[in-house]
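**Student:** using only what follows, build the 3D model:
(chains A and B)
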Amino acid sequence: MSSHGHRTIRMFNVLHISCLEDVHTSVSWAAERPLLSVHIFTPEIRNVAGRKYLSLWREITGSTLVTMSKRRSLTEAQCVSLAQKLLRERLCHQKLPDRPLALDSQYKHLLELLRRTAVHGESNSVLIVGPRGSGKTMLLGCVLRELMSLKEAQKNVLLVELNGLLQTDDKIALKEITRQLHLENVVGDKVFGSFAENLAFLLEALKKGDKSSSRPVVFVLDEFDLFAHHKNQTLLYNLLDVSQSAQTPVAVLGLTCRLDVLELLEKRVKSRFSHRQIHLFSSLSFAQYVDAVRSQLSLPPDFPDPKFSDAWNHSVTKLCEEKSVEEILRRHFNSSKDFRSLHSLLFLSVSRVSVSHSTLHEADLLEASRLISADSKAIILHGLSILELCLIIAMKHLNDTYDGEPFNFQMVHNEFKKFIQRKSHSIHKFEKPVVMKAFEHLLQLELVRPVDSGVCKVQREYQLMRLMLEHGQVMEALQRYPQCPTDVKQWALSAFA
Amino acid sequence: MSRYITRLRMRRTYKWNGRPVGEDRKLKRKYYESMSISVEGKTEDATVSSGQYILIEGDDDDNPFVAQLHKLYTDDSGKKKTAVVQWFVRMCEVPQNKRKLLGRDPHPQEIFFYQDRSCDNEVDGETILGAVQTAPATPRTPRHATPSIPSRSAPARKPGNVLEEARARLHVSSVPESLPCREQEFQDIYNFVESKVIDGTGGCMYISGVPGTGKTATVHEVVRSLQQSAEQDEIPHFHFIEINGMKMTDPHQAYVQILQKLTDQKATPDHAAALLEKRFSAPAPKKETTVLLVDELDLLWTRKQNVMYNLFDWPTRRNARLVVLTIANTMDLPERIMINRVASRLGLTRMSFQPYTFKQLQQIITSRLNRVKAFEEDALQLVSRKVAALSGDARRCLDICRRATEICEHSGSQKNGSGLVGMSHVMEALDEMFSSSYIAAIRCASVQEQLFLRAVIAEFRRLGLEEATFQQVFVQHQALCRVEGLQPVSVSEGLAVCQRLGSCRLLLLEGSRLDLFLRIRLNVSQDDVLYALKAD
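**Tutor:** Numbering: from 1, shown residues only, chains lettered A, B, ... in the order given. From the prediction side, this is the model:
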């Protein structure tokens, strides 16, 4: 247990135990100290192992009362921070959910497949395809968790996890496989031998195994499509070849978001792949989406302070029924159905909860949604000076006049000068170098970009540029710009320059 | 060299332990296994025996020399005790300019093997101070590691019912009792290899065919039956080795692998090539014929083509007795990638495996199932016809059947009393494997993603091109949003939608740094997109 944990105890006379390992250390520690109560926050502590520890506790600490949280309620501040901690864990994907949401058939299919590999020693290969944030890794995590809880699979399955972003070529991937399998050419954490030797060694090892007596190996290839770009697709060919021959049983699981992934495979590699694909397309309706939001925000029934959690859950239910909240959620749902983007919205709103503000309000969601859907360039525009803004407007007019053709600084300057001449009273007359400096600032912000990035001998004033802003973005920024001179606004609105 | 000894030397007495273990009559020496040293004032004796690391009196008492004791002997008189040792040195004894060769920082107590003939390795036994414990400092490179996968705690479960049995038999990996539908090819290859083995000559054969037509399996079958007849002494014995272009990291590794499989020798590619060259050119009357299978030949291509050249040149040597069977996918590989002198050495003995017809596929499945009744007749025919029409790949056919048994197992509980795999199961399996996922992906996309796709098509039509920039599409997108009564999205959101479609390759995006001027193309046909969106 951390020293921090001990300090808490002294203050509240309450011992918080948040994971099973803590219990063990704290039992002996607490034996010498009288404590009032124990709060246990893990779900697993409620099962057999937990009860065992509790009885052990009672034995050691004698008459000390051991309660499961009801004896002494938490303070409000504790409740809030605990609820936030729980929700944050959930929304940041630090904990796997108990069961993947709306992916039942895929879950069954994958579990059955891996179970057969683990129990029967049947080799398989499968691709899990779905857009980013659709829950591929989560699904796999849940399936592997259940697989490892099976008695027959537990000590038999070897797991090798690779990621296309980390193992960028076969040489690195092979070393990683060898390391994770603890083959005999590994000492400590070092893999010996050259690339060729490692490949030969691994293939030899896999070849020596057989269906009924070797431990099955589950290969997880995250970002599967990147492995297809490796030279000759050697790794894929060999893994898939093993999966189709009487060698060590293997399951090759590929995770990818590319629908055209099979087209990336070479003919002979493709032929060795079983063509099993599990698609994760979300067919969620809006009602289900709102339900998911509610359950994601609700506190679990084993929350230590039932009064607080009841109030919280009630407020969440109320919140989800509100019209404006529904509108926000609808907007998000329309934009993307995946849970990852939903979680980032909910995360921002949950972060706004504090002791003085202990339930989620509509305003929190509204603010979070505003933050998430804000246009990044519009925010930059708000920070510009009036001169820079004028230049942007001049460029917008040039774009309108020349139908999006590139322009140069001189043209922008001319346009700006014309405006100044007309409205000399409203805006200061800037020297050309000053205007140039402002223009260069826009260039640095990448609101303006040179057409060809190549080295050009053209003078700076005449280098061709493009405006990286949409018409609408400029107009919106002007509307929101604090104390924007009316003349400038009108200039922007006028159809002619 | 006399030294002034400042500290009082402790008195030590040395005694042999046990009887001599050996005797050298010529040199009049008697060898002992160990020796005990008793020190004045200490109750316990120290014992040193050969093989142990020992400390030997050095220049100063704080840093005695370290050595490994090899032998202990006494001379004729039995008085003088001598030890034969292997010296070790400390870092401080290593010359300054050689220390950096280690390449790392040494441990303060680390010792190094000292190999120098000039240093006498026989010392007076009475200078030994005692034994010392040593521990290996760095992990040693495993040179003789055996490649193996740990074995499981309990054997794998055997198939329990008809469907499981069928599934096990249909797995591509299960080796069938016989290879149906390749009788002619089998016979041709068999005759070719057999004649070469009997005559003791060499030759090359090129086998081509699309993946999954049984090329490698047939060659293995041929070799298996030839080996059987060799065991019955019908034909001379031969040596079979196999390499695969995909199972090596570099074409030149072919030499290494051949040499290793032939002689169990390890060598660098160049050295291996030289050794093989020598082996195949040198006359050896009693040499066995070697049958070499080279799978995925096209991977052995190098710019100078010397690997291929050697592989095809060796069989033509008089004493080589080498038969090379090469396998690749394309029929015209020799014409396409080989230079003349290589292609000419490959010769004209070629064979191509045609894709399986639907009847052959059906026969393959039936023979594999071997009277395990799990499929309806119609269902088998459907699979075979479908696969034959698409690729004729037997692997695909088997995988579909295997998947169909799974589907049957899941739906079996509800209906269909027969328990056999029927048409509907096979249809479902075929659908899963062959149907394009693009349409499903579009149907399940979010509203904005669907709108964006429509905007892309609208912009393509307006431009009359198949490519547009993000800015152009975005304007269309905004307009469509208004038509649909949705709140228009910001540029950032629009770009996010576009990137999502790009990441699953419904759209092809080019130049992601271009921001608004990102170039967009469709990766699906416009008709497919419209079809998917209309059915909604």
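
**Student:** using the three-state scheme, assign residue B:352.
**Tutor:** strand (DSSP: H, G, I helix; E, B strand; the rest coil).

**Student:** contacts only, for it.
**Tutor:** B:207, B:208, B:209, B:331 (Cβ atoms under 8 Å, 6 or more residues apart in numbering or on different chains). Quick note: C-beta positions are derived from backbone N, CA and C, even for glycine.

**Student:** the second one contacts residue B:329, correct?
**Tutor:** It stands for residue B:208. Yes - counting by Cβ atoms under 8 Å, residue B:329 is a contact partner of residue B:208 at 6.6 Å.

**Student:** which residues touch stretch A:265-275?
**Tutor:** A:124-127, A:228, A:233, A:236-237, A:240-241, A:243-244, A:262, B:210-212, B:246, B:296, B:329, B:393, B:395-396, B:399-400, B:402-403, B:433.

**Student:** which of the residues you listed fall in strands?
**Tutor:** Secondary structure from DSSP state E places A:124, A:125, A:126, A:127 of these in strands.

**Student:** can you pull the phi and psi angles for residue B:32?
**Tutor:** phi -120, psi 160 (degrees, to the nearest 10).

**Student:** quick check: beta-bridge partners of it?
**Tutor:** residue B:72 (DSSP bridges).

**Student:** where along the stretch 251-400 of chain A do the helices fall?
**Tutor:** Secondary structure of the stretch 251-400 of chain A (DSSP state H, counting those that start in this stretch): helices at A:261-264, A:267-272, A:286-297, A:306-321, A:323-335, A:339-351, A:362-373, A:376-382, A:386-401.

**Student:** beyond the last one, next helix or strand please.
**Tutor:** Which is helix A:386-401. helix A:409-422 (DSSP states H and E).

**Student:** buried ones in that next one, by neighbour count?
**Tutor:** For helix A:409-422, the buried set under the neighbour-count rule, 16 or more other Cβ atoms under 10 Å in any protein chain shown, comprises A:409, A:411, A:412, A:413, A:415, A:416, A:419.

**Student:** from the residues you listed, pick the one nearest chain B.
**Tutor:** Nearest to chain B among the buried residues of helix A:409-422 is residue A:412, at 17.9 Å by Cβ to the nearest Cβ.

**Student:** show me what contacts residue A:289?
**Tutor:** Contacts of residue A:289 by Cβ under 8 Å, 6+ apart are A:329, A:333, A:337, A:342.

**Student:** rerun at 7 Å
**Tutor:** Residue A:289 is in contact with A:329, A:333, counting by Cβ atoms under 7 Å, 6 or more residues apart in numbering or on different chains.

**Student:** closest one to residue B:356 out of the contacts of residue B:352, please.
**Tutor:** Using Cβ to Cβ, residue B:209 comes nearest to residue B:356 of those, at 10.2 Å.

**Student:** quickly list what the closest one is bridged to.
**Tutor:** Beta-bridge partners, per DSSP bridges, of residue B:209: residue B:353.

**Student:** any idea which residue of the stretch 301-450 of chain B lies closest to chain A?
**Tutor:** residue B:444 (3.5 Å).

**Student:** give me phi/psi at that residue?
**Tutor:** The phi/psi pair for residue B:444 (degrees, to the nearest 10) is phi -90, psi 0.

**Student:** quick one: buried residues of the one helix or strand residue B:388 maps to?
**Tutor:** Assigned by DSSP H and E, residue B:388 belongs to helix B:377-390. Neighbour-count burial for helix B:377-390, with 16+ other Cβ under 10 Å as criterion, is recorded at B:379, B:380, B:381, B:382, B:383, B:384, B:386, B:387, B:388.

**Student:** so which of those residues comes closest to residue B:250?
**Tutor:** Using Cβ to Cβ, those come closest to residue B:250 at residue B:387, 35.4 Å.

**Student:** just to check, the closest one is in contact with residue B:362?
**Tutor:** No - between residue B:387 and residue B:362 there is no contact under Cβ atoms under 7 Å: 10.0 Å.

**Student:** ok, now which ones touch the one residue sitting closest to the centre of chain A?
**Tutor:** Nearest residue to the geometric centre of chain A (Cα atoms, centre = their mean): residue A:340, 5.8 Å. Listed by Cβ under 7 Å, 6+ apart, the contact partners of residue A:340 are residue A:133.

**Student:** how near is it to chain B?
**Tutor:** Here residue A:340 is placed at a distance of 11 Å from chain B (Cβ to the nearest Cβ, to the nearest Å).

**Student:** run through the helices of the stretch 51-200 of chain B in chain order.
**Tutor:** B:162-170, B:183-199.

**Student:** which residues of the stretch 351-497 of chain A lie near chain B?
**Tutor:** Selection of the stretch 351-497 of chain A residues close to chain B by Cβ under 7 Å from any Cβ of the partner chain yields A:373, A:375, A:376, A:377, A:468, A:470, A:473.

**Student:** can you count the residues close to residue A:494?
**Tutor:** Neighbours of residue A:494 under the rule other Cβ atoms under 10 Å in any protein chain shown: 11.

**Student:** from residue A:396, how far out is it?
**Tutor:** From residue A:494 over to residue A:396 the distance is 11 Å, taken as Cβ to Cβ, to the nearest Å.

**Student:** still on that earlier bit, what comes into contact with the helix holding residue B:388?
**Tutor:** For helix B:377-390, contacts defined as Cβ under 7 Å, 6+ apart pick out B:356-358, B:361-362, B:365, B:393, B:396-397, B:400-401, B:421-423, B:426, B:430.

**Student:** try it again at 6 Å.
**Tutor:** Helix B:377-390 has contacts (Cβ atoms under 6 Å, 6 or more residues apart in numbering or on different chains) with B:357-358, B:361-362, B:365, B:396-397, B:400-401, B:421-423, B:426, B:430.

**Student:** just the buried positions in stretch A:231-243, please.
**Tutor:** Buried-residue list, stretch A:231-243, by 16+ other Cβ under 10 Å: A:232, A:233, A:234, A:235, A:236, A:237, A:238, A:239, A:240, A:241, A:242, A:243.

**Student:** and if you look at stretch A:175-186?
**Tutor:** Within stretch A:175-186, the residues scored as buried using 16+ other Cβ under 10 Å are A:175, A:176, A:177, A:178, A:179, A:180, A:181, A:183, A:184, A:185, A:186.

**Student:** who does the last one bridge with?
**Tutor:** Partner residues in beta bridges with residue A:186: residue A:191, with DSSP bridges as the criterion.

**Student:** pLDDT wise, what is residue B:103 at?
**Tutor:** On the pLDDT scale, residue B:103 is placed at 64.

**Student:** what's the neighbour count on residue B:287?
**Tutor:** Neighbours around residue B:287, by other Cβ under 10 Å: 16.

**Student:** repeat for residue B:82
**Tutor:** 16.

**Student:** ok, it - contacts?
**Tutor:** Counted by Cβ under 6 Å, 6+ apart, residue B:82 has contacts B:73, B:122, B:125.

**Student:** any idea how far chain A is from the second one?
**Tutor:** If I follow you right, that is residue B:122. Residue B:122 is 36 Å from chain A, by Cβ to the nearest Cβ.

**Student:** tell me how far the residue most central in space within chain B lies from residue B:215.
**Tutor:** Chain B has residue B:247 as the residue nearest its centroid, 5.9 Å off, counting by Cα atoms, centre = their mean. Residue B:247 sits at a distance of 16 Å from residue B:215 (criterion: Cβ to Cβ).
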